[in-house]
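Engineer: Build the 3D model from these lines:
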Amino acid sequence: MASSLIDILEPKEEFLIEAIKHFNVKPHLEVVLWFTVNEDISTPAIGFDERAMQFLGKLGAYVDVDTYKS
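Structural biologist: Coordinates of the predicted model:
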């Protein structure tokens, strides 16, 4: 899913960098995962490919992962 987001944002990289500087903001990728308490259902994996990490690094962004039980 992060790769799909990077596909959309990467062509706008220079604009995003300028906006980050202009507005003095700290960008981040917010990931929210809901886990079931049902042990018969596997939990999702969390991972980011090299391209996503490099792009986020260029923006000076961090990743925040929130997890919740349902």
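
Engineer: Stretch 43-62: which residues count as buried?
Structural biologist: When burial is assessed from 16 or more other CB atoms under 10 Å, stretch 43-62 yields the following buried residues: 48, 52, 55, 56, 59, 61. Just so you know, the C-beta spots here come from the backbone N, C-alpha and C atoms, and that holds for glycine as well.

Engineer: What's the mean pLDDT across it?
Structural biologist: Along stretch 43-62, the predicted local confidence has a mean pLDDT of 92.

Engineer: Kindly indicate which of the buried residues of stretch 43-62 lies nearest residue 30.
Structural biologist: The nearest member of the buried residues of stretch 43-62 to residue 30, counting by CB to CB, is residue 61 at 10.4 Å.

Engineer: Just the element for residue 32, please.
Structural biologist: Residue 32 is part of strand 28-35, with elements assigned from DSSP states H and E.

Engineer: before we move on, what about residue 52?
Structural biologist: Here residue 52 is assigned to helix 50-59, by DSSP H and E.

Engineer: Can you list the neighbours in contact with that helix?
Structural biologist: For helix 50-59, the surrounding residues in contact (CB atoms under 8 Å, 6 or more residues apart in numbering) are 2-3, 6, 9-10, 13, 16-17, 20, 27, 29, 48, 62-63.

Engineer: Now restrict those to buried residues only.
Structural biologist: 2, 6, 9, 16, 29, 48.

Engineer: any idea how far the third one lies from residue 57?
Structural biologist: Look at residue 9 and residue 57: by CB to CB, to the nearest Å, they are 13 Å apart.

Engineer: what residues are up against the spatially most central residue of the chain?
Structural biologist: Within the chain, the residue whose C-alpha comes closest to the C-alpha centroid is residue 29; the distance, by CA atoms, centre = their mean, is 3.2 Å. Residue 29 makes contact with 2, 5, 56, 61, 62, 63, 64 under the criterion CB under 8 Å, 6+ apart.
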